[in-house]
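[1] give me a 3D structure for the following:
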Amino acid sequence: MVNSKISLIILVSILVVVVLIGIFLLVNTQTSSKIVSFVKGDGNMEEFKITEITDSITANIIENGCIRNEQSAAEIAAAILKPVYGENFDNGLPLIVNFDDVEQNWLIKTQLPQNMLGGSKYIIIKKSTAEVVAIWGTK
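    Residues are numbered from 1 along each chain as shown. Reported below is the predicted structural model:
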């Protein structure tokens, strides 16, 4: 008698779970189909070939690099250094940006205010891919 009650409870529990999963899947399917129909093309675009797009982007990056100027290098460096060293990582002074023509890397470092003891923060970023090669600070 006890075993049959436990079996019934387990069976009802499984049934409830299956029904809830079915409802969840039904709602998700309806939501995602609405999203797909919203972004579906209107037929006015030309044929899209991803290889042509990626070849063009790759050629542009290889030729010119991801980080093409000092300003971009400084902005990327600041975005990386701020979470690592804190809001005032740059002491309120402009970053010093140098470029290594041989290695094709940007070296960006912080300045210290005059007569202030301490160290600087450094970051090396690859021009072609914006990959962080190194990051460190001195005391």
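[2] could I get the average pLDDT for the strand or helix carrying residue 17?
    Per DSSP states H and E, residue 17 falls inside helix 2-39. Helix 2-39 carries an average pLDDT of 66.
[3] same check, this time on stretch 125-132
    Across stretch 125-132, the per-residue pLDDT values average to 91.
[4] just the helices from the protein, written as ranges.
    2-39, 50-64, 70-85 (DSSP state H).
[5] roughly how far apart are residue 55 and residue 135?
    Applying CB to CB, to the nearest Å, the value for residue 55 to residue 135 is 32 Å. Bear in mind the C-beta positions are built from the backbone N, C-alpha and C, glycine included.
[6] out of those two, which sits in the more crowded spot?
    residue 135 (16 against 11; other CB atoms under 10 Å).
[7] that one touches residue 81, doesn't it?
    Yes - using CB atoms under 8 Å, residue 135 makes contact with residue 81 at a distance of 7.5 Å.
[8] which residues do these two both contact?
    Counting by CB atoms under 8 Å, 6 or more residues apart in numbering, the common neighbours of residue 135 and residue 81 are 121, 123.
[9] now do the contacts for the nearest residue in space to residue 129 that is not next to it in sequence.
    Excluding its sequence neighbours, the residue lying closest to residue 129 (CB to CB, 6 or more residues apart in numbering) is residue 66, at 5.8 Å. By CB under 8 Å, 6+ apart, the contact list for residue 66 reads 127-130.
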